[in-house]
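**Q** Just need the structure, nothing else, for what follows:
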Amino acid sequence: MTETASGTGFGTDWRAWQESWDRQQEWYMPDREERFRVMLDMVEALVGPEPRVLDLACGTGSITDRLLKRFPKAVSTGVDLDPALLAIAEGTFADDDRVTFVTADLKDPGWTSQLPHDSYDAVLTATALHWLFSEPLAALYGQLGKIVADGGVFMNADHMPDPATPRINAADREQRHARQSAAKAAGVLDWADWWALAANDPVLAEPTAKRFEIYGEHADGDTPTAEWHIRTLREAGFAEARTVWSSPSDALVLGLK
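**A** Have a look, this model is predicted:
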């Protein structure tokens, strides 16, 4: 079920696009599946196997895809502004009544009014909110504090480097870049390569052009520390907040209402 229709076309292999997006993202984050696993473990532990989920800044629906494979009785609302990624998401889940997609700008103060439900058991997001600066991100957390149900959870897996450990950060960055260079030499698509492919696809070309009109090459934003996220979530009304997974450069922060 969809609430937008951009980019859908007969005969397009949406699952192949979904998988190519996954491969491109894994080029940057080899531990991507691990953070998803921990995220869904905590969903099950705290709200059970039949949650109503908001997939925030959903992109192609990567979280929704894994959510429904693990919890077939879950339902998901995906929200994003990117018309190209939403086209892939809508195409992938076109025949699935458990899924709804909404086009909305998270910086718009009224974006929550476009959602089909007033509250959610879990709001999940990954590698997306670093596109926001800290001030609008704090405002977004305040809004999420009002739509996460009592006893529900919010989880954000994103870049959360620790500026107090510059040598560790530099060594990790050097190692990651070396591995990325080797993978790219072997033919793996990076961000720019993937978008160039989308721009030349007969179905995705138009929504991809619109996407670059909205964002440019890459949106600006901040990467505050995990401690900032934890503090800001508590200020937004979450009773508990902590890191539940981390790597040298990224973390998964959970807020419990």
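**Q** what ranges of the protein fall below the confidence cut-off?
**A** Scanning the chain with the threshold set as pLDDT under 70 gives 1-11, 219.
**Q** what helices or strands is the lengthiest strand in it leaning on?
**A** Using DSSP state E, we find that the single longest strand of the chain is strand 148-159. The helices and strands touching strand 148-159, judged by 3 or more C-beta pairs under 8 Å, 6 or more residues apart in numbering; DSSP states H and E, are helix 32-47, strand 120-126, strand 250-256. Bear in mind the C-beta positions are built from the backbone N, C-alpha and C, glycine included.
**Q** Could you list every helix and strand in contact with the second one?
**A** Strand 120-126 sits against helix 32-47, strand 52-56, helix 62-70, helix 134-147, strand 148-159, with contacts defined as 3+ C-beta pairs under 8 Å, 6+ apart.
**Q** Mind doing that once more with 7 Å?
**A** Here strand 120-126 touches helix 32-47, strand 52-56, strand 148-159, going by 3 or more C-beta pairs under 7 Å, 6 or more residues apart in numbering; DSSP states H and E.
**Q** among the ones you listed, which is the most enclosed?
**A** strand 52-56 (a mean of 24; mean count of other C-beta atoms under 10 Å).
**Q** can you list contacts of that strand?
**A** If you take C-beta atoms under 7 Å, 6 or more residues apart in numbering as the criterion, strand 52-56 is touched by 61, 63-64, 67, 74-79, 117, 120-125.
**Q** For Leu86, what is the enclosing helix or strand?
**A** Using DSSP states H and E, the element containing Leu86 is helix 83-92.
**Q** What would that helix look like as PDB? C-alpha coordinates only.
**A** C-alpha atoms of helix 83-92 as PDB (Å, rounded to 0.1, in the frame of the first residue of the first chain):
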ATOM      1  CA  PRO A  83      11.700  10.500  -4.400                       C
ATOM      2  CA  ALA A  84      14.100   8.000  -5.900                       C
ATOM      3  CA  LEU A  85      14.600   5.900  -2.800                       C
ATOM      4  CA  LEU A  86      10.900   6.100  -2.100                       C
ATOM      5  CA  ALA A  87      10.200   4.800  -5.600                       C
ATOM      6  CA  ILE A  88      12.300   1.700  -4.900                       C
ATOM      7  CA  ALA A  89      10.700   1.300  -1.500                       C
ATOM      8  CA  GLU A  90       7.200   1.600  -3.000                       C
ATOM      9  CA  GLY A  91       8.000  -0.800  -5.800                       C
ATOM     10  CA  THR A  92       9.500  -3.400  -3.400                       C
END
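**Q** List the neighbours of that helix that are in contact with it.
**A** 2, 4, 6-8, 12, 14-15, 17-18, 21, 58-61, 78, 80, 101, 103, 198, 204, 207-208, 210-211.
**Q** re earlier: switch the helices and strands packed on strand 148-159 over to JSON lines; also include distance to Thr243.
**A** Shown next, in JSON lines, are the helices and strands packed on strand 148-159 (distance: least, C-beta to C-beta, whole Å):
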{"stretch": "helix 32-47", "distance to Thr243": "10"}
{"stretch": "strand 120-126", "distance to Thr243": "14"}
{"stretch": "strand 250-256", "distance to Thr243": "5"}
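**Q** For Leu137, find the nearest of these.
**A** Minimum separation from Leu137 across the helices and strands packed on strand 148-159 (C-beta to C-beta) falls at strand 120-126, 10.9 Å.
**Q** Give me the contacts around the closest one.
**A** Strand 120-126 is contacted from outside by 35, 39, 43, 47, 51-57, 63, 144, 147-149, 152-158, using C-beta under 7 Å, 6+ apart.
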